[in-house]
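[1] Only the shape, not the letters, is given here:
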């Protein structure tokens, strides 16, 4: 361990040790030139001789550094100086998601939906940038004071061991991402991790059979409208389903579920029963091979927005007259 106060590479002054894990000492630091806050991770000396590990980490970090997204912690510098391997990144005042779960603190549904949608946007963005799927450890998801999401990084699957075939490192479509989002949403709402192995690795949806589940995916919040609970439970179950024809096929459909939940949260009286809401989604969701996305539901929402706009316009004219 390096003492606080030490200056690394003539660039970063270490202020305090904030975390120690199996690979790194993590410090809060300041840049020497401008006194901006940074997180500086220093690899433990015992791992410096592991060239394979170093190569994997550099590949992972280069992938991450190439991305620019508001929900992804930015990496500024990676180097080895005086036999010290360090990573300097954006400093985030946030709490790991696992802290909420471990303390039994359930996150309210509205906030949980906002968080999971932002996390989904990040995974969708990474996919569009051609980044091969990386798992995300729940401890690497930080929630800030205003409940924004910051992800500390993606992980190479073989860095932590893969369930099933150790040579399998490519995913099929976005299934693993959607499965992950369903697990995170349930964890936030119930303050309970549903899988016995917390930092699980999913590189192919077929590997789900290896996971030991510790839940029935039911929500326990009795203060929510029954139809809203049914809708969110349906979202989670379809995200984590082991059956191909039951799974949500892509991010767009996943976000459609979330948007419908927002509608029910804001104006539940405008919708009928939970069964009708869920059945509407089931009927209008295309098969995974289809290119159409919720055409009926999208049209209905567009029509409602159109009516609202017309009503506002008429009301404004009335005020002017």
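    Good, I have the coordinates. None of these values were measured; they are calculated from a predicted model. Numbers count the residues shown, from 1 in each chain.

[2] switch to C-alpha atoms for all contacts and neighbour counts from now on
    Fine.

[3] Show the contacting residues for residue 18.
    26, 27, 28 (CA atoms under 8 Å, 6 or more residues apart in numbering).

[4] Let's see which of those end up in strands.
    Among the contacts of residue 18, the ones falling in strands (DSSP state E) are 26, 27, 28.

[5] can I get those in TSV with distance to residue 121?
    As requested, the ones in strands among the contacts of residue 18 are exported to TSV (distance: CA to CA, whole Å):
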residue	distance to residue 121
26	28
27	29
28	28
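
[6] As CSV, these with distance to residue 89, pLDDT and neighbour count would be great.
    Supplementary listing: the ones in strands among the contacts of residue 18 in CSV, determined by distance: CA to CA, whole Å; pLDDT from 0 to 100; neighbours: other CA atoms under 10 Å:
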residue, distance to residue 89, pLDDT, neighbour count
26, 11, 94, 22
27, 11, 95, 24
28, 10, 95, 21
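
[7] and which of those residues is nearest residue 140?
    Checking the ones in strands among the contacts of residue 18 against residue 140 by CA to CA gives residue 26 as the nearest, at 13.1 Å.

[8] list the contacts for the closest one?
    Neighbours of residue 26 in contact, by CA under 8 Å, 6+ apart: 17, 18, 19, 20, 39, 40, 41, 42.

[9] Pull the most distant pair out of the residues you listed.
    Checked with CA to CA, the contacts of residue 26 reach their widest spread between 20 and 39, with 12.7 Å between them.

[10] Neighbour count: those two, which is higher?
    A side-by-side neighbour count of residue 20 and residue 39, using other CA atoms under 10 Å, places residue 39 first with 23 against 14.

[11] List the beta-bridge partners for the more buried one.
    Note on residue 39: beta-bridge partners residue 28, residue 89, judged by DSSP bridges.

[12] Would you check that it makes contact with residue 86?
    No. Residue 39 sits out of contact with residue 86 when judged by CA atoms under 8 Å, with a separation of 10.1 Å.

[13] Figure out the helix or strand that residue 178 lives in.
    With the criterion set as DSSP states H and E, the secondary-structure element containing residue 178 is helix 175-190.

[14] Which SSE is immediately downstream of that helix?
    From helix 175-190 onward toward the C-terminus, using DSSP H and E, the following helix or strand is helix 226-240.

[15] so for that following helix, what's the average pLDDT?
    Helix 226-240 carries an average pLDDT of 91.

[16] hey, where'd the helices end up in the stretch 1-150 of the chain?
    Assigned by DSSP state H, counting those that start in this stretch, the helices in the stretch 1-150 of the chain fall at 51-65, 97-102, 109-128.

[17] okay if I get those helices as JSON lines plus mean neighbour count?
    As requested, the helices of the stretch 1-150 of the chain are exported to JSON lines (neighbours: other CA atoms under 10 Å):
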{"stretch": "helix 51-65", "mean neighbour count": "15"}
{"stretch": "helix 97-102", "mean neighbour count": "17"}
{"stretch": "helix 109-128", "mean neighbour count": "18"}
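
[18] Tell me which of the ones you listed lies nearest to residue 140.
    Sorting the helices of the stretch 1-150 of the chain by CA to CA, the top spot, which is the nearest, belongs to helix 97-102 at 7.8 Å.

[19] which residues sit against the closest one?
    Where contact means CA under 8 Å, 6+ apart, the residues beyond helix 97-102 that reach it are 106, 138, 139, 140, 141, 142, 143, 187, 188, 191, 192, 193.

[20] Mark which of these are buried, thanks.
    Of all those considered here, the ones buried according to neighbour count by 16 or more other CA atoms under 10 Å are 106, 138, 140, 141, 142, 143, 187, 188, 191, 192, 193.

[21] Distance-wise, check the fifth one relative to residue 100.
    What it means is residue 142. 10 Å (CA to CA, to the nearest Å).

[22] In JSON lines, list the contacts of residue 26 along with distance to residue 218 and pLDDT.
    Shown next, in JSON lines, are these (distance: CA to CA, whole Å; pLDDT from 0 to 100):
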{"residue": "17", "distance to residue 218": "40", "pLDDT": "95"}
{"residue": "18", "distance to residue 218": "36", "pLDDT": "92"}
{"residue": "19", "distance to residue 218": "34", "pLDDT": "88"}
{"residue": "20", "distance to residue 218": "35", "pLDDT": "89"}
{"residue": "39", "distance to residue 218": "38", "pLDDT": "94"}
{"residue": "40", "distance to residue 218": "40", "pLDDT": "95"}
{"residue": "41", "distance to residue 218": "39", "pLDDT": "93"}
{"residue": "42", "distance to residue 218": "42", "pLDDT": "94"}
